[in-house]
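Novice: Below: sequence and its predicted model.
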Amino acid sequence: MTLRFANVAGRSALVDADGTRYLDLETASNGAFSPEPMDAFARWDALRTFHAGLAPSAFDTAPTIDAGLLGAPSPMPYQVFGIGLNYRTHAEESGMPIPTSPLTFTKFTSSIASPNADITLGSPTVDWEVELVVVISSGGRDISVDRAWDHVAGVAVGQDVSDRTLQFATQPPQFNLGKSRRGYSPFGPWLVDAASLADRDRLHMSMTLNGENVQDTLTDDLIFDVPTIVSYLSTIVELLPGDVIYSGTPGGVGMSFKPPRFLKQGDVIVSTIDGVGTTTNRCV
């Protein structure tokens, strides 16, 4: 049974195989685990052991999930990283050279939003970017590439919402603020344990805008894969439990259309990673 960790109404929860029912973690563990979602990541190995001991029938009478109560799985990370131009298709459509090292920026923590949150349009040039989001379990420095997945709690579906005018307002451009407006970092619907994903370096990811397929890729097209990103960041900063990494978006962003297409009021974004989950965001 795959470990799916969720934030339900601000409390740590475990989700069943169908993604329909959940157990409150503190209650199910008789207080062995904290109800605070941020506390789970430093104890991820212990959480795996506890989850492995649960019988599937434990969820039979559990409450059903209300999508409106789901919060970001790591709602208050110390650090949020974004990796730019990390798919060849996106670098090519942007007319920029393929990076030789991860192009890293910050998404500020105050931009974190629940998986199905509305996106408040802060300008007429707000763009979509579906991404594989990684959350750190045991952090550290100088993590080797071959051990990097061991430092990952799990993965989720994310949107790196981008205000393009703000992103390119200065010369040279800086990405941090344009990607950090309120609600511009939604992710979820839950965290799927990285150890349970059989093909975690080759996940299928897609996004529709009002039912039209605009982004579609396999994550093996990443220029810098998840282990490389985790290892690279850890050579510069200390990664901490609960830290969030937006790993990059494939081709198909609105800015690349001719003429460019940006989000408008009433648009609906549906983002999916097979075997992980789906999120839905409405533009207001």
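Specialist: Cool, got the structure. Residues are numbered from 1 along each chain as shown.
Novice: Low-confidence stretches in this structure?
Specialist: Along the chain, the model assigns pLDDT under 70 to no residue.
Novice: pretty sure Ile119 is touching Cys283, no?
Specialist: Yes - under the criterion of C-beta atoms under 8 Å, Ile119 makes contact with Cys283 at 5.0 Å. Backbone N, C-alpha and C define where each C-beta goes, glycine included.
Novice: anything in contact with each of those two?
Specialist: Val126, Leu263, Ile269 (C-beta atoms under 8 Å, 6 or more residues apart in numbering).
Novice: Go through these and single out the one with the most neighbours.
Specialist: Within the shared contacts of Ile119 and Cys283, Val126 tops the neighbour count with 24 neighbours, counted by other C-beta atoms under 10 Å.
Novice: how near is the residue nearest to Pro56 when sequence neighbours are not counted to Thr272?
Specialist: Closest residue to Pro56 apart from its sequence neighbours, by C-beta to C-beta, 6 or more residues apart in numbering: Met1 at 5.9 Å. Distance of Met1 to Thr272, computed by C-beta to C-beta, to the nearest Å: 22 Å.
Novice: Please report the number of neighbouring residues for Pro63.
Specialist: Neighbour tally, Pro63, other C-beta under 10 Å: 13.
Novice: and it, what does it touch?
Specialist: Arg21, Tyr22.
Novice: Could you do Val276 as well?
Specialist: Contacts of Val276 (C-beta under 8 Å, 6+ apart): Val155, Ala156, Val157, Val192, Leu197, Leu203.
Novice: Mind picking the two most distant members of those?
Specialist: Val157 and Leu197 (13.2 Å; C-beta to C-beta).
Novice: still on that earlier bit, what residues are up against the residue nearest to Pro56?
Specialist: Ala17, His51, Ala52, Leu54, Pro56.
Novice: Compute the number of surrounding residues for the third one.
Specialist: It stands for Ala52. 9.
Novice: same question, the second one
Specialist: The criterion is other C-beta under 10 Å. On that basis, His51 has 21 neighbouring residues.
Novice: same question, Thr170
Specialist: What Thr170 shows, counting by other C-beta under 10 Å, is a neighbour count of 10.
Novice: When Val157 and Leu197 are compared, which one has more neighbours?
Specialist: More crowded of Val157 and Leu197, by other C-beta under 10 Å: Val157, with 26 against 18.
Novice: hang on, the more buried one is in a strand, isn't it?
Specialist: Yes - applying DSSP: H, G, I helix; E, B strand; the rest coil, one finds Val157 inside a strand.
Novice: Quick check: it touching Val130?
Specialist: Yes - using C-beta under 8 Å, Val157 makes contact with Val130 at a distance of 7.3 Å.
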